[in-house]
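1. Predicted structure and sequence below. I'll ask about it afterward.
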Amino acid sequence: MRRREIIDWAREEYLVSARAACSVLQFPRSSYYYQSRRDPRVALRMRLKELAASRPRFGYRRLHLLLRREGWRVNHML
């Protein structure tokens, strides 16, 4: 069971706040409230991995350039 699920269980079972449950179970509240902001662009990540595998000597800057040439919109150009 994941810790966040244990915190939720404790909140429901003992009718306590998230703050109290995290304190008792020694789990950081910031981790409990954390929401991932990861971009779900799987196709872009897969293409980047393909390029990196086919050109292992290229660095991230050159791979970025190759992606831009292919028409991918990455980084601040979103």
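-> Arrived safely.
2. Could you pull up phi and psi at Pro56?
-> phi -70, psi -20 (degrees, to the nearest 10).
3. what's the neighbour count on it?
-> Pro56: 6 surrounding residues under other Cβ atoms under 10 Å. For the C-beta atoms, the positions are set from N, CA and C on the backbone; glycine is no exception.
4. State the distance from the nearest residue to Tyr14 once chain neighbours are set aside to Ala52.
-> Among residues not flanking Tyr14 along the chain, Ala21 sits closest, at 7.5 Å (Cβ to Cβ, 6 or more residues apart in numbering). Note on Ala21: its distance to Ala52, by Cβ to Cβ, to the nearest Å, is 43 Å.
5. do Ser36 as well
-> 23 Å.
6. These two: which is more packed in?
-> Between Ser36 and Ala52, counting by other Cβ under 10 Å, Ala52 is the more crowded of the two (15 against 6).
7. For that one, list the residues it contacts.
-> Phe58, Leu63 (Cβ atoms under 8 Å, 6 or more residues apart in numbering).
8. For Tyr32, give me the pLDDT.
-> Here, the pLDDT recorded for Tyr32 equals 94.
9. for Ala43, same thing?
-> For Ala43, the pLDDT comes out at 93.
10. Grab the most central residue of the protein for me.
-> Nearest to the mean C-alpha position of the chain, by Cα atoms, centre = their mean, lies Arg38 at 4.1 Å.
11. how much space between that residue and Arg45?
-> 10 Å.
12. Name the surrounding residues that touch stretch 55-70.
-> By Cβ under 8 Å, 6+ apart, stretch 55-70 touches Leu44, Arg47, Leu48, Leu51, Ala52, Val74, Asn75.
13. That's all I had, so thanks and see you.
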